[in-house]
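**Student:** Need coordinates for the below:
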Amino acid sequence: MYVGMSVAETRTTMTQTQTSMTQTQTQTGPRVDARLPRNGSHNFQSADSRVFLMHSILSWGGNAFWALFILLKLDGNVSWSWWLVFLPRWLAHSIHLPLQVLVILATRSIVEKQMEPPPSPLASEVVIRSYDELKRTRMRAHRLSNLNNGIHSVSLLIVKIIFCHQLENIWEQNGQWGSFRIMFLPFWLSWFLTNIISFTRNKKERTYGNIRELQYVFFLFVACKLDNVNNYSWKTVFIIPWVSFAVMFCMACMILFMLITTRYSHCDRLLQMGIFSMFVSFTPQFISYQRLVITLDSSRSFTYLEILVPNILSWVMLFVSSLIMFTGLREREIMRIRWLSIQRALLDRHLEGATLEAGQASVYNMSDEEVTHVAQEMAFGKVKPQELWRGSTTL
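**Tutor:** This is a model prediction of the structure:
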């Protein structure tokens, strides 16, 4: 049960990593963001990196303490209740759910960072209209995607509460369990609701199948095995984690090859190194799962210490890799803000030049009477000039 929940937490955080990287891509095109505040401030200029760091602390750091508490409880080193053992997860959910709401409320700011800068005010109406339409589509997709994440998080929280209640009040008293298929009912409802919400997205933004779908399939395999619906070995039940580990190890090899053969900027290299270390960090977890499956299949008996220590090490390594990725994300965000500031300054200079040129042309086309009238209005209430003359095309 712990394995299934930790797999769900891992997949969610990896999805958040990919989203954060996409949303903070540095834009270096010729288009100018004329809608940013003139004082250079931006309320959510570091929202993506901070959200990612907070999510990593709550998921990967929290899971490390959770696994440690489970080890202490199972080895009999502490006499805590199971509600106290699950404390890291209660704290994580109490912060993560409001954080998810804030991410939805900050949709406009996050999507503006994800997209290219808006077109210049001098651009054609068609270009501006196309940009606004794409922005609305992205904002809707962002809200729906994070709504799905929120529903999934709520289902995880409810299942953990039910599971903790079973541990505390039923399993420790008579060593029996209720039906896991019923216990996982929030997962099945979440599976249904998230699919409906996904189909309401714009066709261009719609995706069919994702990591969350594989999580639910894995939960279904585990529930059927625990309820004795099938007689598959645990090695077969864990087929989805095995495939996931294989994909992650292949990705690690590809990223290592790219790090060796490709030149990156400093922030991009940090991101690639963080992702590589993240994939490598799953190696102890793979060993932990292997030992758990062997023990469950009764091929060999491993102690709780031998099973959970690699798992704890994996979560700690994942948290360290998240710090590397956070540094790269933050540097990329700073680069983007600096670039937009330069673009904004160039736009202001261009607009000022255009305004001055238009003013000069209008003065040049005035008659002497019109120039005199304008000069009188400009000098009204001021010290009378000694002399007024036309200099080139300006007064």
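**Student:** residue boundaries of the helices in the stretch 151-300 of the chain?
**Tutor:** 172-174, 180-183, 185-199, 211-226, 234-237, 239-261, 266-280, 282-296 (DSSP state H, counting those that start in this stretch).
**Student:** For stretch 227-247, measure first residue to last.
**Tutor:** 30 Å (Cα to Cα, to the nearest Å).
**Student:** Would you mark the buried spots in that stretch?
**Tutor:** If you call a residue buried by 16 or more other Cβ atoms under 10 Å, then stretch 227-247 has these buried ones: 227, 234, 237-238, 240-241, 244-245. To be clear about C-beta, it is placed using only N, CA and C from the backbone, and glycine gets the same treatment.
**Student:** Give me the three-state assignment for residue 76.
**Tutor:** coil (DSSP: H, G, I helix; E, B strand; the rest coil).
**Student:** And for it, the neighbour number?
**Tutor:** Applying other Cβ atoms under 10 Å, we find 8 residues neighbouring residue 76.
**Student:** same question, residue 273
**Tutor:** 19.
**Student:** who touches it in this structure?
**Tutor:** 259, 324, 328 (Cβ atoms under 8 Å, 6 or more residues apart in numbering).
**Student:** any idea which of those residues has the most stuff around it?
**Tutor:** Top of the contacts of residue 273 by neighbour count (other Cβ under 10 Å): residue 328, with 24 neighbours.
**Student:** Would you agree that one is in contact with residue 274?
**Tutor:** Yes - at 5.9 Å, residue 328 counts as touching residue 274 under the criterion of Cβ atoms under 8 Å.
**Student:** And the helices of the stretch 151-300 of the chain: which comes nearest residue 339?
**Tutor:** With distances scored as Cβ to Cβ, the stretch of those nearest to residue 339 is helix 266-280 (12.5 Å).
**Student:** and the closest one with helix 239-261, angle?
**Tutor:** Relative orientation of helix 266-280 versus helix 239-261 (axes from the mean of the first three to the mean of the last three Cα atoms, to 10 degrees): 150 degrees.
**Student:** average pLDDT across helix 266-280?
**Tutor:** Throughout helix 266-280, pLDDT has a mean value of 89.
**Student:** Over to stretch 108-126?
**Tutor:** pLDDT averaged over stretch 108-126 gives 75.
**Student:** mind checking the end-to-end distance for it?
**Tutor:** Stretch 108-126: ends 21 Å apart by Cα to Cα.
**Student:** Please apply the same query to stretch 119-132.
**Tutor:** Taking Cα to Cα, stretch 119-132 runs 10 Å from one end to the other.
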